[in-house]
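>>> The following block contains a protein sequence and its predicted model.
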Amino acid sequence: MWDSPYVLEIMRSIEPPDPGSSPGPATTNTKRPASAGRFVTTARCCYTTWMEHPVSNKTVYLERMSKPLQEKLRVARYIDPAATNILDVGCADGTVTLALATLFPEKQFLGIDLDEEFVAIATDRAKQQKLTNVRFERTYLRELLSHTERYDSVLFVSVLHEFFTYGEGISSVLKAMADAEEILRPGGDIVIRDMILLSYTKQTDYLIPEMRTKIASQSDIEARARDFETHFGPIKTIYAMNHFLLKYMYAENWDRECVEHYVPVTFEQYENIFSLLGMEMVLRDSYLLPFLREKWLSDFSFTEDELAPLASTGFLVARKHT
């Protein structure tokens, strides 16, 4: 099943083969089959998740995840005003989901996660806040496909990089997008908020040697940089530098954070996925959070030119055709 021409064509389009590798068999039929979301999802094997790679300190993890709540709530801007039924995938302890349910009492929310403890916390908080328009379940996104319920918006708030890291790489992200497309009502939206970079950053080293020297001047951070390089290769491009800068400050869970791929899927790859799923891209946005800009200035004295190409946050909205 995984060798189907349709699936192989998607994988080639979003993740080109390494130079010198075999191009694989030619494809002759790349028309998207009916119910392709379910088809792609069942291929190869199911998602593996971060549950097999536990957080050493869940309290610290949840506190860090909830700190940029107001910034994460920018996702509210991209929820269609007409949407009534919204799914939040990878909701953790429900911090974002509960805030959205409070902002939009007229809408119904379902938050799903695979951590039973997180789901229990979220459910308890909903009861404490007397919110009747939100519920939480411990389930895979894939398992919702057999239900009759469909959604106007499917949200992925800072979770898809974990799908990549603790799943099967780009194929796990593809499966998640295909499942989300299938579970949407016609005209519904996939809304992504994550750490996303542009493809060109993998090709340029503009001012990177100077920035690398500034990092090396601080022994504790340099030790983390070398650790990072053992997993992701030398910090020689804007892409690699940006990736390292997004994580070096998380010393409390460093063993986990170091190996987690924060920026695995570029804007261009997401756009290719949506195109191949027959969805319309309606928004793309990228920016650097002010508090990170100030921290990098404080820690490394980077110049404005050095900071200019760096980013922390990306938003994507793709719409299912009616």
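Perfect, thanks for sending it. Residues are numbered from 1 along each chain as shown.
>>> give me the number of residues near Glu229?
A count of nearby residues for Glu229, using other Cβ atoms under 10 Å, gives 14. Quick note: C-beta positions are derived from backbone N, CA and C, even for glycine.
>>> residue contacts, it?
Ile235 (Cβ atoms under 8 Å, 6 or more residues apart in numbering).
>>> Relative to Val263, how far out is it?
To Val263, Glu229 is 15 Å away according to Cβ to Cβ, to the nearest Å.
>>> Also Val75?
Separation of Val75 from Val263 (Cβ to Cβ) stands at 19 Å.
>>> try Ile170
With Cβ to Cβ as the criterion, Ile170 and Val263 are 13 Å apart.
>>> which residues in the stretch 101-250 of the chain form strands?
With DSSP state E, counting those that start in this stretch as the criterion, the stretch 101-250 of the chain has strands at 108-113, 134-138, 151-157, 184-194.
>>> list the contacts for Asn242?
Going by Cβ under 8 Å, 6+ apart, Asn242 touches 197, 201, 263, 309-311.
>>> Tell me which other helices or strands the helix or strand hosting Gln70 touches.
For Gln70, the host element (DSSP states H and E) is helix 69-72. Counting contacts by 3 or more Cβ pairs under 8 Å, 6 or more residues apart in numbering; DSSP states H and E, helix 69-72 packs against helix 95-103.
>>> distance of the residue nearest the centre of the chain from Ser153?
Centroid check for the chain by Cα atoms, centre = their mean gives Leu160 as the closest residue, at 2.6 Å. Using Cβ to Cβ, Leu160 is found at 16 Å from Ser153.
>>> With Ser146 instead?
Relative to Ser153, Ser146 is positioned 20 Å away (Cβ to Cβ).
>>> now do Asp189
As judged by Cβ to Cβ, Asp189 and Ser153 stand 5 Å apart.
>>> Overlap in contacts, those two.
Common contact partners of Asp189 and Ser153 (Cβ under 8 Å, 6+ apart): 79-80, 83.
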